[in-house]
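# Let me see the structure of the following:
(2 chains)
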Amino acid sequence: MMEFLDQLWSFNLDRETVYGLFQQSLVFIIGMTAILASLGVILCASPIYSALYLIGNMVCLAMLFLLFNAEFLAVVQVVVYAGAVMILFLFIIALLGSKEEKRELSFQNFTALSFVGLLFGELLMSMMVGETKPVLGQVTPEVVQQVGSAKAIGIELFSNHIVPFELASLLLLVAAVGIISLAKFSYKPLRKRTRT
Amino acid sequence: MGSEFVLFISAAIFSIGSVGFVIRKNPLVMFMSVELMLNAVNFLLIGYSSFLNSLDGQIFALIIMTVAAAEVVVGLAIILTIFRTRHELDVDRINTLKG
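Okay, the predicted model is just below:
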């Protein structure tokens, strides 16, 4: 740490070190903002505030995608998630009305919280494993910068991963058919039916 | 720093999402928590695809986004249908299928 401060005072840093430090501090700040926004999602009593915090979380994650050389997915995240999906959520909230819910800590909640705490501890233990021997791929950031992120993903998607892509389109078709059947053949309200 | 911090952010957001799925009673907020968990996994995949010089993680993240969009649309339609038939949205009281 002291060496680093000495280097910093004497301005002996080369360009790569400064860029690396800048990127790491950006990842730290934006990641902490994402974690705080996700805490806001689950702690707000009203669903409309939860939706707004979720939009903030998704925008933070899109910025993190940009920092990890995934420009195309950052754009997709903003357009699809923070745009389409959240607009859908807000429409449903506006349709159903947002009612604040009371909060109590029951025994079941305590059990569930301790279970999730255990899960988080296990995930942190996976963080402590340290250096493993990774299998590096061929697509370095320089290659991606030459052809562009969207084109690189397109080449990869249509050459090696064509079957999952087609299955995803099939999935979207099934979802659309399911929505239409849910909306068309809806049931009458319960209070109008005869009670048995 | 580096891959450990990506793991930490992803694990934290995933755990917060699962806590929200468990303790909340509004099904809309439960769906938002599921979105949080899916986003955490997406971030982990993209971070590691950057560390390992491979695009497979980004393809996976793209397909996860497709699945999440389809899942959200179907889930919200189901919530809307439940609200139309029962006029309430408390998941503890929707227990007709409980054995």
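# Return the per-residue confidence for residue 22.
By default, I'm working from chain A. At residue A:22, the model reports a pLDDT of 85.
# sorry, should have said chain B
Here the pLDDT value assigned to residue B:22 is 88.
# same question, residue A:109
We note a pLDDT of 82 for residue A:109 in this prediction.
# so what's the residue lying closest to residue A:135 once chain neighbours are set aside up against?
Leaving aside its chain neighbours, residue A:135 sits nearest to residue B:52 (7.0 Å; criterion: C-beta to C-beta, 6 or more residues apart in numbering or on different chains). In this view, the C-beta of every residue, glycine as well, is placed from N, C-alpha and C. Neighbouring residues of residue B:52 by C-beta atoms under 8 Å, 6 or more residues apart in numbering or on different chains: A:134, A:135, A:136, A:137.
# Please identify the helix or strand for residue 94.
Chain wasn't specified; assuming chain A. Here residue A:94, judged by DSSP states H and E, is contained in helix A:86-96.
# that's the wrong chain, I wanted chain B
Applying DSSP H and E, one finds residue B:94 in no helix or strand.
# Count the residues that sit near it.
Neighbour count for residue B:94, taken as other C-beta atoms under 10 Å in any protein chain shown: 13.
# Which element, helix or strand, includes the residue positioned nearest the centre of chain B?
In chain B, the centroid-proximal residue (C-alpha atoms, centre = their mean) is residue B:34; its distance is 2.2 Å. In this structure, residue B:34 sits in helix B:27-51 according to DSSP H and E.
# can you check residue A:25 too?
Assessed by DSSP H and E, residue A:25 sits inside helix A:15-43.
# just how off-centre is the helix or strand following that helix within its chain?
Downstream of helix A:15-43, the first helix or strand assigned by DSSP H and E is helix A:47-67. Relative to the chain's own centre, helix A:47-67 is displaced by 8 Å; criterion: C-alpha atoms, centre = their mean, to the nearest Å.
# Can you give the domain ranges for chain A?
Domains of chain A are assigned by automatic domain parsing as A:1-98, A:144-186.
# what's the most buried one of those domains?
Most buried of the domains of chain A, by mean neighbour count (mean count of other C-beta atoms under 10 Å in any protein chain shown): domain A:1-98, with a mean of 17.
# That one close to chain B?
Yes. Using C-beta under 8 Å from any C-beta of the partner chain, domain A:1-98 comes into contact with chain B via A:24, A:27-28, A:31, A:34-35, A:38-39, A:41-42, A:47, A:50-51, A:54, A:57-58, A:61, A:64-65, A:68-70, A:72-73, A:76-77, A:80-81, A:84-85, A:88-89, A:92-93, A:95-96.
# quick one on the thing from earlier: residue B:69 versus the residue nearest to the centre of chain B, what's the distance?
Between residue B:34 and residue B:69 the computed distance is 12 Å (C-beta to C-beta, to the nearest Å).
# One more: residue A:123?
Going from residue A:123 to residue B:69 by C-beta to C-beta gives 26 Å.
# Just the buried residues of stretch B:2-13, please?
By 16 or more other C-beta atoms under 10 Å in any protein chain shown, the buried positions in stretch B:2-13 come out as B:3, B:6, B:7, B:9, B:10, B:11, B:12, B:13.
# no wait, stretch A:128-146
Buried residues in stretch A:128-146, counted by 16+ other C-beta under 10 Å: A:139, A:144.
# Quick check: end-to-end length of it?
For stretch A:128-146, the first-to-last residue distance is 35 Å (C-alpha to C-alpha, to the nearest Å).
# Identify the residues contacting that stretch?
Contacts of stretch A:128-146 with the rest of the structure, by C-beta under 8 Å, 6+ apart, involve A:69, A:152, A:156, B:50, B:51, B:52, B:53, B:54, B:55, B:56.
# ok, the fourth one - how many residues close by?
Translated: residue B:50. Residue B:50: 22 surrounding residues under other C-beta under 10 Å.
# ok, it - contacts?
Residue B:50 makes contacts with A:68, A:69, A:70, A:141, B:57, as judged by C-beta under 8 Å, 6+ apart.
# For the residue nearest to residue B:80 when sequence neighbours are not counted, give me its contacts.
Nearest non-adjacent residue to residue B:80, counting by C-beta to C-beta, 6+ apart: residue A:92, 6.6 Å away. By C-beta under 8 Å, 6+ apart, the contact set of residue A:92 is B:28, B:76, B:79, B:80.
# Okay, now the unreliable bits of chain B?
The model of chain B has pLDDT under 70 over residues B:1, B:99.
# Longest helix in it, by number of residues?
helix B:56-86 (DSSP state H).
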